[in-house]
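Visitor: coords please:
(chains A and B)
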Amino acid sequence: SQQGEEDPQALSIQEGENATMNCSYKTSINNLQWYRQNSGRGLVHLILIRSNEREKHSGRLRVTLDTSKKSSSLLITASRAADTASYFCAPRTGITGGGNKLTFGTGTQLKVEL
Amino acid sequence: DGGITQSPKYLFRKEGQNVTLSCEQNLNHDAMYWYRQDPGQGLRLIYYSQIVNDFQKGDIAEGYSVSREKKESFPLTVTSAQKNPTAFYLCASSSRLAGEGFEQYFGPGTRLTVT
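Guide: Sure thing, here's the model as predicted:
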């Protein structure tokens, strides 16, 4: 497994604005997953993008993947106060056996203000 | 209602005592994981199990032990050998079926405080 590194560390925006956070990783991946964590809670899986996909949408979420740059971005459109949370990316290699492991970075803390 | 449960939500222990954190899932997942999260930090993998009666150390296994006697259950024991056990502990599970993305499903966490 490998660590995804999220950027920025923290982001503060107004409700209604878009929020973009980025993830970089080191080696080839099978897929890349994004998770959200509300304060003091468990993580929730948001979206998965496979290595042969370039863009994926789910509701107000849009994820892009650039395997040549080893990077991904998560865009949240028309943000709401309820989107306030930490967001983590988790790259997954295609290695069998230990390949189910995910390694999480320190995340991007998003604050959406009214 | 399918999901992962962790108990208790808050746990307080005196230094030198072993403590066991519970994790149960009814998602029929083969793989289960334990993570530790410290304030403002990401998750660090303690142990994981891909199948019943088998488990592997993660990145920070020292001072912890696990068992996987049943598919549904993956308890974590924090032993007195763990030098800094106060943390938020998260359990997760995932499918191992071919073609799955191996998304992980998380429990609500147990906040352990050792004084």
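Visitor: what does chain A put close to chain B?
Guide: A:1, A:3, A:31, A:33, A:35, A:40-45, A:48, A:50, A:88, A:90, A:92, A:97-107 (Cβ under 8 Å from any Cβ of the partner chain). The C-beta positions use only the backbone N, C-alpha and C, and glycine is treated the same way.
Visitor: strands of chain B, residue ranges please.
Guide: Under the criterion DSSP state E, strands of chain B are mapped to B:4-7, B:10-13, B:19-25, B:31-37, B:43-51, B:54-57, B:64-66, B:76-78, B:87-94, B:105-106, B:110-114.
Visitor: mean pLDDT and distance to A:C23 added to the ones you listed, as CSV?
Guide: Listed next are the strands of chain B as CSV, based on pLDDT from 0 to 100; distance: least, Cβ to Cβ, whole Å:
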stretch, mean pLDDT, distance to A:C23
strand B:4-7, 95, 25
strand B:10-13, 94, 32
strand B:19-25, 97, 27
strand B:31-37, 95, 18
strand B:43-51, 93, 15
strand B:54-57, 94, 26
strand B:64-66, 98, 28
strand B:76-78, 97, 28
strand B:87-94, 96, 19
strand B:105-106, 94, 19
strand B:110-114, 96, 27
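Visitor: among these, which is nearest A:T67?
Guide: strand B:87-94 (22.7 Å; Cβ to Cβ).
Visitor: phi and psi next, for residue 61.
Guide: This is for chain A. The phi/psi pair for A:L61 (degrees, to the nearest 10) reads phi -100, psi 140.
Visitor: looking at chain B here, not the other one
Guide: Per degrees, to the nearest 10, the backbone of B:A61 is at phi -80, psi -20.
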